[in-house]
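K.L.:
Kindly return the folded structure for what I paste below:
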Amino acid sequence: MRIYLVGGAVRDKLLGRPEGDHDYVVTGARPDDLLALGYKPVGKDFPVFLHPDSGEEYALARTERKSGRGYHGFVFQTDPAVTLEQDLARRDLTINAIAQDERGALVDPWGGVRDIEARVLRHVSPAFVEDPVRLLRVARFAARFEPLGFRVADETMVLLGRMVAAGEVDHLVPERVWAETRKALAEPRPSAFLRVLRGCGALRVLFPEVDALYGVPQRAEFHPEIDTGMHMEMVLDAAAGIAPGDDLVGFCALTHDLGKALTPADELPRHLMHEQRGVTPLRALAARLKVPAEHAALAELVCREHLNAHRALELKPATVLKLLGALDALRRPERLETFLAACTADKRGRLGHGHDDYPQADYLRRARTAAAAVAAAPFVAQGLQGPAIGEAMERARTRAIAEMKLCNI
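P.N.:
Residues are numbered from 1 along each chain as shown. The predicted model follows:
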């Protein structure tokens, strides 16, 4: 029996990045061999075990054969005769198909070390096309590693295009699409995820509402980048810088301008009412991918209200209070922070504006603090009851925001 460290931990060690979970492949063994050593079985489709002390995953070396459509259509075989090289051959990218033995020596039959040095994301074998999830994974790895100079190999992009043309991505279940998208939105360069999907034709299949933004013009005085799709990519990357690893902010950034794809041609490059028009495609996308309720709710608020955030310094105090109420910000200040991060990203996601100040954020935070300081107790003490208490508090909160604004002029 031989044990090898495989996958991301080896790759990240070679890149000088913090290592995540350690995964191991075991060759020359049967399930009973690991059970006898105290390993705990967890695999459903193929034998995977947890180490009795570390809890790390150990999988028996296996091969796989395509048996149907989609990513469930595989037959796996585990046998003591399966070699490490055969196991590595079934992996997606060469940089993920490197193993390290117990002495620290690398086993690299597919040139993963070379591709790490060349900063290339390259498929291991033609069998790559058999699993549509790999298309999403390549795009997600692009979002992670593009800042390090990685690019997708030309021949791999060709294979991705063939997968789309063959209809493989049509068999991806919504939960899997969302799981990979959510991870991509938390990466340092989420725009790369979209570029890879768009480059192979998968964006229009999986995210038609987003794909429709490309080629739609905006007013150059507000958007020097002009193209709405480019703006959305820039907002995504700005969001990743403002709230690193926060896929909720990322989803709000991704969907904040979907209404611009629905602007009538005779109104372009203006986009009147785009924040209202964007709600319908956003709801459709969220429902189709089974997006978590909080993601869908906050994204809709950002879609509807981001222009009010941009105009916050000019809004009447009563309108500011209404905005805070829509966000439920007095009870849940974290929602305001998510909203402000997405709106700040929208402001900075424009050509030449990547470092703009966004004083509206601090203003809305101060407005929330002023409004939240108004308590019900004094009004109860005055003898007010029922709806009268709420009305009095609303008037007091509006005055508090007005006084805060006067004090900060």
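
K.L.:
where along the stretch 101-250 of the chain do the strands fall?
P.N.:
106-107, 120-121, 151-152 (DSSP state E, counting those that start in this stretch).

K.L.:
Pick the most buried one from those strands.
P.N.:
strand 120-121 (a mean of 23; mean count of other Cβ atoms under 10 Å). Yep, even glycine has a C-beta here, placed from its N, CA and C like the rest.

K.L.:
packing partners for it?
P.N.:
For strand 120-121, the packing partners by 3 or more Cβ pairs under 8 Å, 6 or more residues apart in numbering; DSSP states H and E come out as helix 133-145, strand 151-152.

K.L.:
Could you list which residues are in contact with the residue nearest to the spatial centre of the chain?
P.N.:
The chain has L185 as the residue nearest its centroid, 1.9 Å off, counting by Cα atoms, centre = their mean. Neighbour list for L185: 193, 236, 247, 250-251, 254 [criterion: Cβ atoms under 8 Å, 6 or more residues apart in numbering].

K.L.:
What separation is there between it and P217?
P.N.:
26 Å (Cβ to Cβ, to the nearest Å).

K.L.:
so how many other residues sit close to Q86?
P.N.:
17 (other Cβ atoms under 10 Å).

K.L.:
Cross-check the contact I'm expecting between it and F76.
P.N.:
No - the pair Q86 and F76 does not pass the contact test of Cβ atoms under 8 Å, sitting 11.9 Å apart.

K.L.:
Need the residues touching each of those two.
P.N.:
Residues touching both Q86 and F76 by Cβ under 8 Å, 6+ apart: T63.

K.L.:
got a winner among the contacts of L185 for most neighbours?
P.N.:
Using other Cβ under 10 Å as the neighbour criterion, F251 leads the contacts of L185 with 32 neighbours.

K.L.:
sec struct for that one, please.
P.N.:
Assigned by DSSP: H, G, I helix; E, B strand; the rest coil, the conformation of F251 is helix.

K.L.:
Contacts only, for it.
P.N.:
Contacts of F251 (Cβ under 8 Å, 6+ apart): 182, 185, 291, 295, 299.

K.L.:
Just the buried residues out of the residues you listed, in PyMOL syntax.
P.N.:
Those of the contacts of F251 that count as buried under 16 or more other Cβ atoms under 10 Å are selected in PyMOL with:
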select buried, resi 182+185+291+295+299
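
K.L.:
Would you format the contacts of F251 as JSON lines with distance to V133 included?
P.N.:
Formatted as JSON lines, those follow (distance: Cβ to Cβ, whole Å):
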{"residue": "R182", "distance to V133": "14"}
{"residue": "L185", "distance to V133": "17"}
{"residue": "V291", "distance to V133": "18"}
{"residue": "H295", "distance to V133": "21"}
{"residue": "A299", "distance to V133": "24"}
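
K.L.:
how about the contacts of F251 in JSON lines, adding distance to P333 and pLDDT?
P.N.:
As requested, the contacts of F251 are exported to JSON lines (distance: Cβ to Cβ, whole Å; pLDDT from 0 to 100):
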{"residue": "R182", "distance to P333": "24", "pLDDT": "98"}
{"residue": "L185", "distance to P333": "22", "pLDDT": "98"}
{"residue": "V291", "distance to P333": "23", "pLDDT": "98"}
{"residue": "H295", "distance to P333": "18", "pLDDT": "98"}
{"residue": "A299", "distance to P333": "19", "pLDDT": "98"}
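
K.L.:
so how many other residues sit close to Q100?
P.N.:
18.

K.L.:
Also the one 5 residues further on?
P.N.:
Other residues near A105 come to 10 when the count uses other Cβ under 10 Å.

K.L.:
Do you know the pLDDT at it?
P.N.:
For A105, the model assigns a pLDDT of 96.

K.L.:
What of C407?
P.N.:
pLDDT at C407 comes out at 80.

K.L.:
For it, give its distance to D357.
P.N.:
Distance of C407 to D357, given as Cβ to Cβ: 20 Å.

K.L.:
can you check L289 too?
P.N.:
Distance from L289 to D357, by Cβ to Cβ: 34 Å.

K.L.:
More neighbours: those two, which one.
P.N.:
Ranked by neighbour count (other Cβ under 10 Å), L289 and D357 place L289 first, with 22 against 10.

K.L.:
The more buried one contacts A179, correct?
P.N.:
No - with contact taken as Cβ under 8 Å, L289 and A179 are classed as non-touching, separated by 9.6 Å.

K.L.:
if we can go back for a sec, relative to P47, how far out is the residue nearest to the centre of the chain?
P.N.:
The spacing between L185 and P47, counted by Cβ to Cβ, is 33 Å.

K.L.:
can I assume L268 is in contact with R219?
P.N.:
No - contact criterion Cβ under 8 Å: L268 and R219 do not qualify, at 9.2 Å.

K.L.:
Out of the strands of the stretch 101-250 of the chain, flag the one nearest C200.
P.N.:
For the strands of the stretch 101-250 of the chain, the distance to C200 is smallest for strand 151-152, at 9.0 Å, taking Cβ to Cβ.
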